[in-house]
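Chemist: turn this into a structure:
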Amino acid sequence: MNCLPLFRSSYSNFSVSAFVFILCCSTNLAIADTHVSFNRTEIEKSIRQALPNTQITSIQPTPIEGLVEIVAGRNVLYADPTGRYLLVGSLYDTHTATDLTAERKSASSAIEWKSLPLDAAIKYGGKGSLKLAVFIDPDCPWCKKLHQQLVSLKDIQVYALLYPVEELHPGARSKTAAILCAADPLKALDSAMTGAALPQSSDPACLDQATAKIANVERFARNHNLHGTPTLISGDGRVRAGFLDEQSLRAWLDASKR
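Modeler: Numbers count the residues shown, from 1 in each chain. Just a heads-up that it's a prediction; the model follows:
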């Protein structure tokens, strides 16, 4: 599954404690009728009473019966059809390995390629015209599956930005530092993605540099609402949260040519 950092999301526009709603294990989701009944006016009224400064962009059904999606600026919230009960967090589709909330947040937010912290990236892949940046956690299962796929692609330039999710994977940050400080970072990344143990670096200068790179990637992700791994960014700035098989990945990247 995607690796979703539970406490990394920032909801600065809301003066309400976040109740994180993560569906990472359920395989028995009730699929809602797309014509599910809900009262938009009542929902807006309820939310504005609790959060008076909230600007609601859209309200629509979700794939879960009785749950409504509310887009408010750059935030995606969920509520019951009356708007009384509000959920803040990530909605996750286990069948497609997709963070649906992150996907909705990033749908209209392209990222300029040259703004990416590529000085912190590990570059590999081919020399073709297609470019792909991927935010990955060395302990994320879907990141490992994606990496094993990407290393075999010889016509796509891949830039791996290590984004450890310490809240879910204790030790991911130190593992990331070990990768960045290795004599051959790509070889170390390959090893980590197969589950091999990595020797810890004892070079204080390198560890300081690695810490700075990790912080830079985390800062960038936070500023652009990238809250899960893997997250893909195409050369033309489109963002896609979650794993894609090779055929789907190529189709997604090829869309930049159109």
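Chemist: buried stuff in the lengthiest helix in the chain?
Modeler: As assigned by DSSP state H, the longest helix anywhere in the chain is helix 204-223. Using 16 or more other C-beta atoms under 10 Å as the test for burial, helix 204-223 gives 207, 210, 213-214, 217-218, 220-221. From N, CA and C alone the C-beta is placed, and that goes for glycine too.
Chemist: what's the helix or strand that comes right after that helix packed up against?
Modeler: Counting by DSSP states H and E, the next helix or strand C-terminal to helix 204-223 is strand 231-234. For strand 231-234, the packing partners by 3 or more C-beta pairs under 8 Å, 6 or more residues apart in numbering; DSSP states H and E come out as strand 130-136, strand 239-241, helix 246-254.
Chemist: switch the cut-off to 10 Å
Modeler: If contacts are counted by 3 or more C-beta pairs under 10 Å, 6 or more residues apart in numbering; DSSP states H and E, strand 231-234 sits against helix 100-106, strand 130-136, strand 156-162, strand 239-241, helix 246-254.
Chemist: chain center to that strand: distance?
Modeler: On the basis of C-alpha atoms, centre = their mean, to the nearest Å, strand 231-234 sits 9 Å off its chain's mean C-alpha point.
Chemist: ok, the spatially closest residue to Gln60 that is not a sequence neighbour to Ile43 distance?
Modeler: Distances taken as C-beta to C-beta, 6 or more residues apart in numbering place Glu69 nearest to Gln60, at 5.4 Å, with adjacent residues excluded. Per C-beta to C-beta, to the nearest Å, Glu69 is found 11 Å from Ile43.
Chemist: can I get the helices and strands packed on strand 231-234 in a markdown table with distance to Gly195?
Modeler: Shown next, in a markdown table, are the helices and strands packed on strand 231-234 (distance: least, C-beta to C-beta, whole Å):
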| stretch | distance to Gly195 |
| --- | --- |
| helix 100-106 | 26 |
| strand 130-136 | 15 |
| strand 156-162 | 16 |
| strand 239-241 | 24 |
| helix 246-254 | 22 |
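Chemist: quick check: neighbours shared by Glu69 and Ile43?
Modeler: Here Glu69 and Ile43 share the contacting residues 59, 79, scored by C-beta atoms under 10 Å, 6 or more residues apart in numbering.
Chemist: comparing the helices and strands packed on strand 231-234 by mean pLDDT, which bottoms out?
Modeler: Sorting the helices and strands packed on strand 231-234 by mean pLDDT places helix 100-106 lowest, at a mean of 72.
Chemist: could you identify the helix or strand that succeeds that one?
Modeler: Trace forward from helix 100-106 with DSSP H and E and the next one is strand 122-125.
Chemist: strands paired with that next one, and their directions?
Modeler: strand 156-162 (antiparallel) (DSSP bridges).
Chemist: just checking, next helix/strand downstream of the strand it pairs with?
Modeler: Assigned by DSSP H and E, the successor of strand 156-162 is helix 172-180.
Chemist: so which elements touch that following helix?
Modeler: Judged by 3+ C-beta pairs under 10 Å, 6+ apart, helix 172-180 is in contact with strand 156-162, helix 185-193, helix 204-223.
Chemist: relative to helix 204-223, how tilted is the second one?
Modeler: The reference is to helix 185-193. Orientation check (axes from the mean of the first three to the mean of the last three C-alpha atoms, to 10 degrees): helix 185-193 against helix 204-223 gives 70 degrees.
Chemist: distance between the ends of stretch 64-76?
Modeler: 15 Å (C-alpha to C-alpha, to the nearest Å).
Chemist: okay if I get the helices and strands packed on strand 231-234 as a markdown table plus mean neighbour count and distance to Cys181?
Modeler: Shown next, in a markdown table, are those (neighbours: other C-beta atoms under 10 Å; distance: least, C-beta to C-beta, whole Å):
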| stretch | mean neighbour count | distance to Cys181 |
| --- | --- | --- |
| helix 100-106 | 22 | 29 |
| strand 130-136 | 23 | 17 |
| strand 156-162 | 23 | 12 |
| strand 239-241 | 23 | 28 |
| helix 246-254 | 14 | 30 |
